[in-house]
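K.L.:
my questions are about this predicted structure, shown below with the sequence.
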Amino acid sequence: MSVTRPSQANIDKMRAYARKYAEKSGTSLHPDVSVTETVVEGLARHIELVGKPLCPCNFYPDPRAEAKQRRWICACDEMQKWKYCHCLLFVTEDGVPITEYLPEDHEGRQAYGLVRDPHPERGRGMAKVLEKRESTT
Ligand code: SF4
């Protein structure tokens, strides 16, 4: 991957997106601004490389092929289902990722223990759709 800095326009776009999505999902941006800026820059770089804000915290053998799938486009499936952000972009006010909804054998649960969701009424759009579907069948 190129290490050149993405354009300021794409950085600004992803920073605005992160602020908005944190609000919408009931999470906080990391208290250490440099963490947020690193992730925002990684997302902006992927927009330039593959046309989508692919999660910057994974290794992809073929980033272009990965970008055609939904699962690691920010906000990724793990965020939409479990409100878990392993990049630490969307966290609690203390800067730890929410792990409450993760399967117990998930690496996030093992790394951070049980971290409760401070705003269960917000976020997890994908999980809520699936739960609703299950309860009506
Ligand atoms: S882990 Fe998911 S929500 Fe967090 S930055 Fe990566 S893609 Fe976005």
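P.N.:
Here it is on my side, so go on. Numbering: from 1, shown residues only.

K.L.:
can you get me a residue count around the closest residue to Cys74 other than its chain neighbours?
P.N.:
If you skip the residues right next to it in sequence, Cys74 has Pro53 as its closest partner in space, 4.6 Å away by C-beta to C-beta, 6 or more residues apart in numbering. To be clear about C-beta, it is placed using only N, CA and C from the backbone, and glycine gets the same treatment. When counting by other C-beta atoms under 10 Å, one arrives at 24 neighbours for Pro53.

K.L.:
also Cys76?
P.N.:
Residues near Cys76, counting by other C-beta under 10 Å, number 20.

K.L.:
and if you look at the one 10 residues further on?
P.N.:
When neighbours are counted by other C-beta under 10 Å, His86 registers 17.

K.L.:
and the gap between it and Ala16?
P.N.:
Distance check for His86 against Ala16: by C-beta to C-beta, to the nearest Å, it reads 22 Å.

K.L.:
can you check Arg45 too?
P.N.:
Taken as C-beta to C-beta, the spacing of Arg45 relative to Ala16 amounts to 16 Å.
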